[in-house]
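Enquirer: Kindly generate the corresponding structure for this input.
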Amino acid sequence: MSDTKKARVLLVDDEEEFVFTLSERLKARQLEVTAVTRGEDAIDMVDRQDFDAVILDLAMPGMDGLETLKRIKERRPATEIIMLTGHGSVKAGIQAMKLGADDFLEKPVDMTTLLSKIGEAHDKHITVLQEKSQEEIDRILKSRGW
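Expert: Have a look, this model is predicted:
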């Protein structure tokens, strides 16, 4: 993971104890973590802040993980989303990937694997931001006729 900036992570899971514990473990590794327990709250957070990665539970009451995934991707297509589930199925994993999930992990999640996935998401996000900045610089330079 890049040392120049902490990864910003949105953790979304309806299990409050799990959210608290995982959030604390990620914060202990110097990640910036925002945790919510509902899909609707995740959408609100994504509207207000840019995240390097969203760790999203598949099975939640109300707005489930697939609907939340779909809405996040509509708002921020480049956001890396890692789906988590305690009830993993091949069908759900395929559906999540079709909707734009970048990875699919089962609970209990292996912390080393999760940190690796977050690091990859952070690095991709930095690359996307750099490419956008370069495109903007190129556009400005071309518009000036230099």
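
Enquirer: The residue minimising distance to the centre of the chain: helix or strand, and which one exactly?
Expert: Centroid check for the chain by Cα atoms, centre = their mean gives V54 as the closest residue, at 1.9 Å. Counting by DSSP states H and E, the element that carries V54 is strand 53-57.

Enquirer: Show residues contacting the helix or strand that that strand is followed by.
Expert: The helix or strand immediately downstream of strand 53-57 is helix 65-75, counting by DSSP H and E. Residues from elsewhere that reach helix 65-75, judged by Cβ atoms under 8 Å, 6 or more residues apart in numbering: 12, 39, 42-43, 46-47, 54, 56-60, 63, 79, 81, 83, 85, 92, 95-96, 99-101. (Glycine included, C-beta is placed from N, CA and C.)

Enquirer: Mind checking which of the residues you listed are buried?
Expert: Burial by neighbour count, 16 or more other Cβ atoms under 10 Å: within the contacts of helix 65-75 this picks out 12, 39, 42-43, 46, 54, 56-60, 63, 79, 81, 83, 85, 92, 95-96, 99-101.

Enquirer: any idea which helix or strand of the chain has the worst average confidence?
Expert: helix 90-98 (a mean of 83; mean pLDDT, DSSP states H and E).
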